[in-house]
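1. I would like the atomic coordinates for the input below:
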Amino acid sequence: MAMKSYQNQAQLLVKNYLFADTYIPYTSILGGILACKAAYDLTQLISRSYCKTYGGLTKIQRLEWNNRGISTVHAVFISALSLYLVFGSKLFSDELAGLLVFRSSPLSTFGLGVSVGYFLSDLGMILWLYPSLGGIEYVIHHTLSGIAVAYSMFTGEAQLYTYMVLISEVTTPEINIRWYLDTAGMKRSTAYIINGVVIFLAWLIARVLLFGYMFYHVYLHYTQVIKMHAFGYMLVFGVPYVLAIMNLMWFGKIIKGVVKVLTKRQ
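-> Numbers count the residues shown, from 1 in each chain. Reported below is the predicted structural model:
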């Protein structure tokens, strides 16, 4: 009886506090930060046990190796959730009544909170070890993304467009795999070439074409977008625009890299 009573109290605590609508933004951010710590430690543990390359890395390389484990876990989680909410669920469907720019759900708010926790954790590591884990472009990217995601999470505005942008995280695991292969001395392997082609295709779809689709969607629903608060309105146009420019710049580098590798193979 005592055990059953304890379980009931625990369930009430989770329902009324941890996952209550009021507390979801805060518990999800905390959960995201803790998940980053767990992913970092798990990456380190697995790499020490099963990867011979890991032992020969410098301290900074090991930190980046573990850090990329964090970003990979986050990317898999948030890109899968984003694809579901944008294309798989009816939360943002035009068939439902009401303005879609103001729609949200406990699940969508929770997912954004986890991402805010990730951006805070990763930006903290980037700044602490600057510029070892990334230059100013990474600082700009994480700052803009974190602000936009946090605003959407707390206000419930433009969560559809926030998740459209977060779908672009689907390219992160491929980028990290490329770094792992390079660090492991496998730059001339077939896996490295295949990875480059996959990055090219994923980047084209998720960070170029999808952004174009998002801007077109905003255009079609502009009468709804202008009803948002001024700050949210600026974020919908400003942040994706800046990220789109950065994506095109990086895409140019990807194209040059693919051409260079394929030319050498021939």
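
2. in the helix ranked longest in the chain, what's buried?
-> What stands out as the longest helix in the chain, according to DSSP state H, is helix 230-265. Neighbour-count burial for helix 230-265 flags 232, 233, 235, 236, 239, 240, 243, 244, 247, 250, 251, 254 (criterion: 16 or more other C-beta atoms under 10 Å). In this view, the C-beta of every residue, glycine as well, is placed from N, C-alpha and C.

3. and the residues you listed, which is closest to residue 180?
-> residue 254 (17.2 Å; C-beta to C-beta).

4. residues contacting that closest one?
-> Residue 254 sits next to 196, 199, 200, 203 when contact means C-beta atoms under 8 Å, 6 or more residues apart in numbering.

5. burial count for residue 201?
-> Using other C-beta atoms under 10 Å, residue 201 is surrounded by 12 other residues.

6. how far away is it from residue 195?
-> For residue 201, the distance to residue 195 (C-beta to C-beta, to the nearest Å) stands at 11 Å.

7. next one: residue 100
-> From residue 100 to residue 195 the distance is 37 Å (C-beta to C-beta).

8. repeat that for residue 206.
-> As for residue 206, its distance to residue 195 is 16 Å (criterion: C-beta to C-beta).

9. looking at this protein, which helix or strand is least sure?
-> Ranking every helix and strand in the chain by mean pLDDT, DSSP states H and E puts helix 2-13 at the bottom, with a mean of 51.

10. by contact count, what packs against the next helix or strand after it?
-> Next in sequence after helix 2-13, counting helices and strands by DSSP states H and E, comes helix 24-50. Counting contacts by 3 or more C-beta pairs under 8 Å, 6 or more residues apart in numbering; DSSP states H and E, helix 24-50 packs against helix 52-55, helix 59-83, helix 106-128, helix 136-155.

11. will you turn these into TSV that also has mean pLDDT and mean neighbour count?
-> Shown next, in TSV, are the helices and strands packed on helix 24-50 (pLDDT from 0 to 100; neighbours: other C-beta atoms under 10 Å):
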stretch	mean pLDDT	mean neighbour count
helix 52-55	93	12
helix 59-83	97	19
helix 106-128	97	21
helix 136-155	93	18
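
12. same list (those) but as a markdown table, adding distance to residue 191.
-> Output for the helices and strands packed on helix 24-50, formatted as a markdown table (distance: least, C-beta to C-beta, whole Å):
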| stretch | distance to residue 191 |
| --- | --- |
| helix 52-55 | 14 |
| helix 59-83 | 16 |
| helix 106-128 | 26 |
| helix 136-155 | 26 |
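
13. of all the ones you listed, which one is nearest residue 178?
-> Among the helices and strands packed on helix 24-50, helix 59-83 comes nearest to residue 178, with 10.2 Å by C-beta to C-beta.

14. show me what contacts the nearest residue to residue 229 once chain neighbours are set aside?
-> Leaving aside its sequence neighbours, residue 229 sits nearest to residue 157 (C-beta to C-beta, 6 or more residues apart in numbering; 6.7 Å). Residue 157 sits next to 101, 102, 151, 228, 229, 232 when contact means C-beta under 8 Å, 6+ apart.
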